[in-house]
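K.L.:
sequence first, then the predicted structure:
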Amino acid sequence: MLSLSLMRNSNTVIFGRHPVLDAIKAGKTIDKVIIQQGFKGPIEKEIRQLCKEHRIILQQLPKERIARMVDGNHQGIVAFLSLIEYQKLEDILPLVYEQSKVPLFLLLDGVTDVRNFGAIARTAEVMGVQAIVIPRKKSAQINSDAIKASAGALLEIPVCKEASIVAAVEFLQNSGVQVYASDLYAEKGIHHVDFTTPSAIIIGAEGRGVSPSILKMVDETFIIPQVGKTDSLNVSVATGMMLYEVVMQRLDKGLLKK
């Protein structure tokens, strides 16, 4: 495993027209490309086409904001390299079944805070989650802060970047995986949900929770019992509580080794 100090010192930002073009064409794993507002011409068109082909997020920002990101002549374009290699959910799930394990996945719906993301990954890895699934857009960037918050877990646990959480839910359900989500309005407590079968849990963004459209897709919702007056838990803390319930159920059924 790479050390955290090495990851913090890695050059994760490249800038300049030809360096960015070369990186995309070379197949580098790129999280996002930013171009300057008003940037037009043949190179701009080529960048747009390459980002579309490689499914890379493309964003436009004012020149002043881009200038604060880099120390040098950015020529109106900046790319952020990923610190990890993303996996494909369609590859991970068969592998889990081949290993005679009961699938357990986390799907993050709009979790954009890197420290929460890292804390979730740390708990997920400890609790035996086989992969974390994130959408291509509206997700926390896996940068050095996220990896630090995960205590290195993001270098261990597979992360699948899918077109959308909707697409991931449909794929899992069609593959025999039950998909669950926490909902403050659910009637069933988490301890009444059977997590001993192939399962995936959707974790919503702090504040708004799981998107209503996605809640309609899940197989079952549950609520974490609360007795205090605060109306919600920190998303990473809530994730830990959910995964603890999963692990305890699977230990009781002999599906995990202590």
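P.N.:
Nice, thanks for sending it over.
K.L.:
from what I can see Lys148 touches Ala119, true?
P.N.:
No. Using Cβ atoms under 8 Å, Lys148 is not in contact with Ala119, being 10.6 Å away. To be clear about C-beta, it is placed using only N, CA and C from the backbone, and glycine gets the same treatment.
K.L.:
list the residues that contact Arg250.
P.N.:
Applying Cβ atoms under 8 Å, 6 or more residues apart in numbering, we find Arg250 in contact with Val102, Phe195, Thr196, Leu256.
K.L.:
nearest to Ser236, of these?
P.N.:
Closest approach between these and Ser236, by Cβ to Cβ: Phe195, at 19.1 Å.
K.L.:
picking up where we left off before, which one's more surrounded, Lys148 and Ala119?
P.N.:
Ala119 (22 against 17; other Cβ atoms under 10 Å).
K.L.:
assumed the more buried one was part of a helix.
P.N.:
Yes. Under DSSP: H, G, I helix; E, B strand; the rest coil, Ala119 sits within a helix.
K.L.:
phi, psi for the nearest residue to it once chain neighbours are set aside please.
P.N.:
Once flanking residues are discounted, Ala119 sits nearest to Ser236: 3.7 Å by Cβ to Cβ, 6 or more residues apart in numbering. With angles defined as degrees, to the nearest 10, Ser236 sits at phi -70, psi -30.
K.L.:
could you confirm Leu154 falls within a strand?
P.N.:
No. Counting by three-state DSSP, Leu154 is not part of a strand but helix.
K.L.:
so what pLDDT did it get?
P.N.:
Among the per-residue scores, Leu154 shows a pLDDT of 95.
K.L.:
OK, contacts around it?
P.N.:
By Cβ under 8 Å, 6+ apart, the contact set of Leu154 is Leu83, Ile84, Gly118, Ala121, Ile142, Ala146, Ile147.
K.L.:
enumerate the beta-bridge partners assigned to the nearest residue to Val193 once chain neighbours are set aside.
P.N.:
Leaving out its chain neighbours, the residue that sits closest to Val193 by Cβ to Cβ, 6+ apart is Phe222, at 4.9 Å. Beta-bridge partners of Phe222, counted by DSSP bridges, are Ser182.
K.L.:
Phe222 reaches Asp194, doesn't it?
P.N.:
No. In this structure, Phe222 is not within contact of Asp194 by Cβ under 8 Å, at 10.7 Å.
K.L.:
where do the helices sit along the stretch 101-250 of the chain?
P.N.:
For the stretch 101-250 of the chain, helices defined by DSSP state H, counting those that start in this stretch occupy the ranges 114-126, 144-149, 165-174, 212-215, 235-252.
K.L.:
got these as TSV, with distance to Gly38 columns?
P.N.:
Formatted as TSV, those follow (distance: least, Cβ to Cβ, whole Å):
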stretch	distance to Gly38
helix 114-126	29
helix 144-149	31
helix 165-174	33
helix 212-215	35
helix 235-252	37
